[in-house]
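Asker: with the input below, show me the fold.
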Amino acid sequence: MVAALRAYFGLTQQEVAGWLGVSEVKVSHLEAGRRGINEATAEALAPLLRHLPPAGAAPAVLRLASATAPLLALSSPEAAPLLSRIDHCRHTVGRLRAQLRPLEAQATVASRWAAALPALRAALPPDPGLAAEPDPDTAWAAWLSWFRHRWLDLRRPVLPPDLSARYHLLRLQAEALEAEAAALASLLPPAA
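Answerer: Numbers count the residues shown, from 1 in each chain. Below is the predicted model of the structure:
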């Protein structure tokens, strides 16, 4: 019972001994069952023991507590470290968003090409293939058609995988820091 009390409230044997007005050795004996609890000790422990979950329900209560957020008694946090971290988050988000802008611009251009390429290819004569390059001096129109197919082959209808990965990493980092800054701001007292 004393060990359960100590574990539940996070007390040391010295702290329990102080509450009970006895020595640490006596608390150790009580925990080990080498000494019985007298009336004065039982009376001193009673207010604390009332807060323990019932013996049979303790494992279920502990499982439930670990599955949900623990109940914590916290004071209002000091504002200075929170404000410092908010400032850091916002500064870093600005840097990340600046790195995202060129990638977003490239992805926008790629989406425009994705929309335009089918119609542009359909407007050209059939592609003779890469190896069938006509002589521009003798067949200018055929060469120009061949060249336009090659030119369209260079247009990217999507952001390449390496840049796409970079885009998503930067975006998710920025969003995570924005969420952190908002959560930290919610901990601050309302402005007067």
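
Asker: after the helix or strand hosting A115, which helix or strand is next?
Answerer: Per DSSP states H and E: A115 is located in helix 79-123. Sequence order places helix 140-153 as the next helix or strand after helix 79-123, per DSSP H and E.

Asker: and that following helix with helix 79-123, angle?
Answerer: Calculated by axes from the mean of the first three to the mean of the last three CA atoms, to 10 degrees, helix 140-153 forms an angle of 160 degrees with helix 79-123.

Asker: elements contacting helix 140-153?
Answerer: Packing contacts for helix 140-153, counted by 3 or more CB pairs under 8 Å, 6 or more residues apart in numbering; DSSP states H and E, involve helix 79-123. C-betas here are computed from N, CA, C, even on glycine.

Asker: can I see the domain layout of this structure?
Answerer: Recorded structural domains for the chain (assignment: automatic domain parsing) are 2-67, 79-187.

Asker: could you dump those into a markdown table and include distance to A73 and mean neighbour count?
Answerer: Below are those laid out as a markdown table (distance: least, CB to CB, whole Å; neighbours: other CB atoms under 10 Å):
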| stretch | distance to A73 | mean neighbour count |
| --- | --- | --- |
| domain 2-67 | 12 | 13 |
| domain 79-187 | 15 | 13 |
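
Asker: pLDDT of the helix holding A115, averaged?
Answerer: The pLDDT scores in helix 79-123 average 94.

Asker: next one: that helix to chain centre, how far?
Answerer: Taking CA atoms, centre = their mean, to the nearest Å, the mean C-alpha location of helix 79-123 is offset from the chain mean by 20 Å.

Asker: against E78, how distant is the residue nearest to R90 when sequence neighbours are not counted?
Answerer: Spatial nearest neighbour of R90, chain neighbours left out: A181 (5.8 Å); criterion: CB to CB, 6 or more residues apart in numbering. In this view, A181 and E78 are 17 Å apart by CB to CB, to the nearest Å.

Asker: try P54
Answerer: 38 Å.

Asker: next one: phi and psi at the residue located most distally from the centre of the chain?
Answerer: Centroid-distance maximum for the chain: T138 at 63.4 Å, with CA atoms, centre = their mean. The phi and psi torsions at T138 (degrees, to the nearest 10) take the values phi -110, psi -20.

Asker: so who does E31 touch?
Answerer: Contacts of E31 were listed using CB atoms under 8 Å, 6 or more residues apart in numbering, and they are 2-3, 6, 13.
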